[in-house]
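J.: Give me coordinates for this.
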Amino acid sequence: RMETDCNPMELPNNTGFEDDSDYRDFEGTDVKDMRLEAEAVVNDVLFAVNNMFVSKTLPCAEDVAYINVETRERNRYCLELTEAGLRVVAYDFDQTDDRLQTPYHETVYSLLDSLSPAYREVFGNALLQRLEALKKESQS
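T.: Numbering: from 1, shown residues only. Take a look at the predicted model:
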């Protein structure tokens, strides 16, 4: 069982939000906009799932955002992202089920690790490839 807070893939620093007027208000403030946080979460693990995107139908706010994810096993989930972490709020895209009492996960990695054996395998392989590349770099 892999518990990790590192991303094996190097991602570009430019997220493409710099010119988007919706996000300009947040520059230079300490407000943590959950939509931006959700986009970062998606970008971190998109390579290891079938599909993942921030919900456009459920409301995003400063303190909450919703992420739809389809695992490699073709299971669909709607995730809630808050300061408390991430948790499954429904077993389909763009849904919330108040009766669902699922635990919060501190990271998207641990949440997906618990939901998807195929995610765990893909993530582990990517991590190994990254380590191999670093090893080769240090030997040259």
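J.: Pull out the buried residues from the host helix or strand of G124.
T.: Assigned by DSSP states H and E, G124 belongs to helix 117-139. For helix 117-139, burial by neighbour count (16 or more other C-beta atoms under 10 Å) applies to A118, Y119, R120, V122, F123, A126, L127. For glycine as for every other residue, the C-beta is placed from the backbone atoms N, C-alpha and C.
J.: From L86, how far out is the closest residue to the third one other than its chain neighbours?
T.: If the residues on either side of it in the chain are set aside, R120 comes closest to D113, at 5.3 Å by C-beta to C-beta, 6 or more residues apart in numbering. The spacing between D113 and L86, counted by C-beta to C-beta, to the nearest Å, is 12 Å.
J.: Of those two, give the one with the bigger neighbour count.
T.: L86 (25 against 19; other C-beta atoms under 10 Å).
J.: Using the three-state scheme, assign that one.
T.: strand (DSSP: H, G, I helix; E, B strand; the rest coil).
J.: give me every residue that touches it.
T.: By C-beta atoms under 8 Å, 6 or more residues apart in numbering, the contact set of L86 is V41, I67, L79, E80, Y104, H105, T107, V108, L111.
J.: same thing but 10 Å
T.: 38, 41, 65, 67, 69, 79-80, 102-112 (C-beta atoms under 10 Å, 6 or more residues apart in numbering).
J.: ok, D63 - how many residues close by?
T.: 13.
J.: Which pLDDT value belongs to it?
T.: pLDDT, D63: 95.
J.: correct me, but E37 touches A65?
T.: Yes: contact criterion C-beta atoms under 10 Å: E37 and A65 qualify, at 6.6 Å.
J.: Tell me which of these two has more neighbours.
T.: Each of E37 and A65 has its neighbours counted (other C-beta under 10 Å); A65 has more, 24 against 17.
J.: Thought E83 was touching the more buried one, still the case?
T.: No: counting by C-beta under 10 Å, A65 does not reach E83; the two are 11.2 Å apart.
J.: and for those two, which residues touch both?
T.: Shared contacts of A65 and E83, counting by C-beta under 10 Å, 6+ apart, come down to M34, E37.
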